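> okay, here's the prediction I keep looking at, along with the sequence it came from:
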Amino acid sequence: MKVVLDSTEIVSHGNLRSPTYERLFQAVTDGVLTVYVPQVVLDEVLHHRRREIQQELEKIAKNLDTLYQWGATRYTRLTAAEALQIAQSYQRDVMARMNEAGVPVLPYPAVAHQRLNEMASLRRKPFNNKGGGYKDALIWFSVLELAQASTDSIVLVSSNSDDFASEAKDALHSDLASVMQELGVPEGRVTWCNGLAALIESLPVVEPAGEEAADGLQVVESLDWNTVLRERLPEQVIGKPWEPKEIGLGSSFRSVTLDQVTAIGSFEIHSISGTELGRYFVSGHTEMDCVFKFTTLAEQWSRCFSEHGDIILKSESPPFQYVTGTLRHHVRGLLHANVGGAPLEVREIELAGIVNPNTGSIAISRTSDQEAAEILAMNQPPPMASRF
């Protein structure tokens, strides 16, 4: 099996040394699959990190302005060139990690501009209803060129279900299947997987072999997982950005981050894989009470009310362009962990995904004109269309 990664599966995993990526690359070592990354994805990773840096610089500049007003003089701002250097350094780290794991890079596809223009004009996926999606189209044709050169099954791993998946979010969109047929790629050769966590969960469990490994398996099961979750999970997830759809919100929401973890349930282990002697990959679930922060268009608040039924407006001020708010959710979290060392201990744990989020209560407060302008400047969201 060949796996092609979208940029959504890279930018959310930092230096690619999370438990999820350790398990993925171990599967490569074990010969279970081969991982590819398109060059267009590596370039998008650079630009994504550059945008993130610029947003952080905007926040820092705002705070520095306050310090300057108080008389501070020793703080300096990063230049645009320095910000680019940081982003390029991250891109090099990603490429080095890919090279270390033996991940080939797919070149830009040789697709005609005329064809892409036609697909965009007809709003055929992966283009959206406004004609955007050029980079997604390049990724898709990179996948198709790989499919034409191979008889192996290929999985496109992407959390971008809006542009690659069917309306039911359970298969490739029919527009993409049609392009496969036009190019002579057999039906079913290319499939879509909704995120790296889902792919990892589908991999075969590698049972630890040997007496020593079996003893280690018992130790892993008997670890005080509940204490590990309470002490280490919050610091790992607070501040983590999420796609609105991952926590049950519509596409009108932006800048969704996990702000608080107010309660964590017990850890339910459902698989333990042996990667090498003395090292284990653990997958499981836990229940969590979370508070998410978000930004949305002010004009959407009444539609939010009809969708969620529990919005509290904290101000009767005139409407502004953006509003900020919080969402309280009870969620079921998918967790991945690496266990190793002597004695065995949890080396790293991550919240790999949220499963079946329940609708929670929302509290929205209107922003001031200045705050709305700052949100717009920092986030620069594209024009939004409500999907409520």
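Looks like it arrived, so ask away. Numbering: from 1, shown residues only.

> now do the helices in the stretch 1-150 of the chain.
For the stretch 1-150 of the chain, the helices defined by DSSP state H, counting those that start in this stretch cover 8-11, 19-29, 39-69, 80-100, 113-121, 134-148.

> go through the ones you listed and find the least confident stretch.
Considering the helices of the stretch 1-150 of the chain one by one, the lowest average pLDDT is found for helix 39-69, at a mean of 79.

> could you check the angle helix 80-100 makes with it?
Between helix 39-69 and helix 80-100, the angle formed by their directions is 140 degrees, by axes from the mean of the first three to the mean of the last three C-alpha atoms, to 10 degrees.

> how far out from the middle of the chain is helix 39-69?
Relative to its chain's centre, helix 39-69 lies at 18 Å (C-alpha atoms, centre = their mean, to the nearest Å).

> for stretch 131-150, same thing?
20 Å.

> next, the residues that contact that stretch from outside, please.
2, 4, 6, 36, 38-41, 44, 106-111, 116, 119-121, 123, 125-127, 154, 156, 158, 160, 163-164, 176, 179-180, 183-185, 189-190, 382 (C-beta atoms under 8 Å, 6 or more residues apart in numbering). C-beta coordinates here come from the backbone N, C-alpha and C atoms, glycine included.

> out of the residues you listed, which are buried?
When neighbours are counted using 16 or more other C-beta atoms under 10 Å, the contacts of stretch 131-150 contain these buried positions: 2, 4, 6, 36, 38, 40-41, 44, 106, 109, 111, 116, 119-120, 125-127, 154, 156, 158, 160, 163-164, 176, 179-180, 185, 189-190.

> how many residues are close by I53?
Burial measure for I53: 19 neighbouring residues, criterion other C-beta atoms under 10 Å.

> quick one: it from A81, how far?
If you measure I53 against A81 using C-beta to C-beta, to the nearest Å, the figure is 12 Å.

> domain map for the protein?
Listed domain ranges for the chain are 2-200, 208-379 (source: automatic domain parsing).

> comparing these by mean pLDDT, which bottoms out?
Within the domains of the chain, confidence is poorest for domain 208-379, with a mean of 72 (mean pLDDT).

> what segments of the stretch 201-350 of the chain are helices?
Read by DSSP H, counting those that start in this stretch, the stretch 201-350 of the chain holds these helices, from start to end of the chain: 211-222, 225-237, 301-308.

> ok, and what's touching stretch 81-100?
For stretch 81-100, the external contacting residues (C-beta under 8 Å, 6+ apart) are 10, 15-17, 21, 37, 42, 45-47, 49-50, 53-54, 57, 78, 105.

> again, only using 6 Å
Surrounding stretch 81-100, the residues in contact under the criterion C-beta atoms under 6 Å, 6 or more residues apart in numbering are 15-16, 37, 45-46, 49-50, 53.

> same thing with stretch 225-244?
Contacts of stretch 225-244 with the rest of the structure, by C-beta under 6 Å, 6+ apart, involve 253, 256-258, 261, 264, 266-267, 346, 349, 351.

> try stretch 164-173
For stretch 164-173, the external contacting residues (C-beta under 6 Å, 6+ apart) are 125-126, 158, 161, 192.

> and of these, the nearest to L327?
Checking the contacts of stretch 164-173 against L327 by C-beta to C-beta gives S161 as the nearest, at 20.3 Å.

> how about the closest one: what's its closest non-neighbour residue?
Nearest residue to S161 in three dimensions, chain neighbours excluded: K169, at 4.9 Å (C-beta to C-beta, 6 or more residues apart in numbering).

> can you tell me the SS state at that neighbour?
Under the three-state scheme (DSSP: H, G, I helix; E, B strand; the rest coil), K169 adopts coil.

> what's around it, how many residues?
For K169, the number of neighbouring residues by other C-beta under 10 Å comes to 13.

> next, it: phi, psi?
As for K169, its main-chain torsions (degrees, to the nearest 10) stand at phi 60, psi 30.

> stretch 182-198: which residues count as buried?
Counting neighbours by 16+ other C-beta under 10 Å, one finds that the buried residues in stretch 182-198 are 185, 189-190, 192-197.

> mind putting the residues you listed into a markdown table with secondary structure and distance to G216?
Output for the buried residues of stretch 182-198, formatted as a markdown table (DSSP: H, G, I helix; E, B strand; the rest coil; distance: C-beta to C-beta, whole Å):
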| residue | secondary structure | distance to G216 |
| --- | --- | --- |
| V185 | coil | 44 |
| R189 | coil | 39 |
| V190 | strand | 38 |
| W192 | strand | 36 |
| C193 | strand | 30 |
| N194 | coil | 32 |
| G195 | coil | 29 |
| L196 | helix | 26 |
| A197 | helix | 24 |
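
> okay, these in JSON lines with distance to R332 next?
Rendered in JSON lines, the data for the buried residues of stretch 182-198 read as follows (distance: C-beta to C-beta, whole Å):
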{"residue": "V185", "distance to R332": "36"}
{"residue": "R189", "distance to R332": "33"}
{"residue": "V190", "distance to R332": "30"}
{"residue": "W192", "distance to R332": "23"}
{"residue": "C193", "distance to R332": "20"}
{"residue": "N194", "distance to R332": "16"}
{"residue": "G195", "distance to R332": "15"}
{"residue": "L196", "distance to R332": "18"}
{"residue": "A197", "distance to R332": "13"}
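
> those: which two are farthest apart?
The span of the buried residues of stretch 182-198, defined through C-beta to C-beta, is set by V185 and A197 at 26.6 Å.

> how far away is R189 from D289?
Taking C-beta to C-beta as the measure, R189 and D289 are separated by 43 Å.

> wait, V45 touches S7, no?
Yes: using C-beta atoms under 6 Å, V45 is in contact with S7, at 5.4 Å.

> quick one: which of these two has more around it?
For V45 versus S7, the count of surrounding residues by other C-beta under 10 Å is larger for S7: 24 against 19.

> my read: the more buried one touches V40, true?
No: checked against C-beta under 6 Å, the pair S7 and V40 is beyond contact range at 8.4 Å.

> distance check, the residue nearest to S255 when sequence neighbours are not counted against V157.
Excluding its sequence neighbours, the residue lying closest to S255 (C-beta to C-beta, 6+ apart) is T295, at 4.3 Å. Here T295 is placed at a distance of 28 Å from V157 (C-beta to C-beta).
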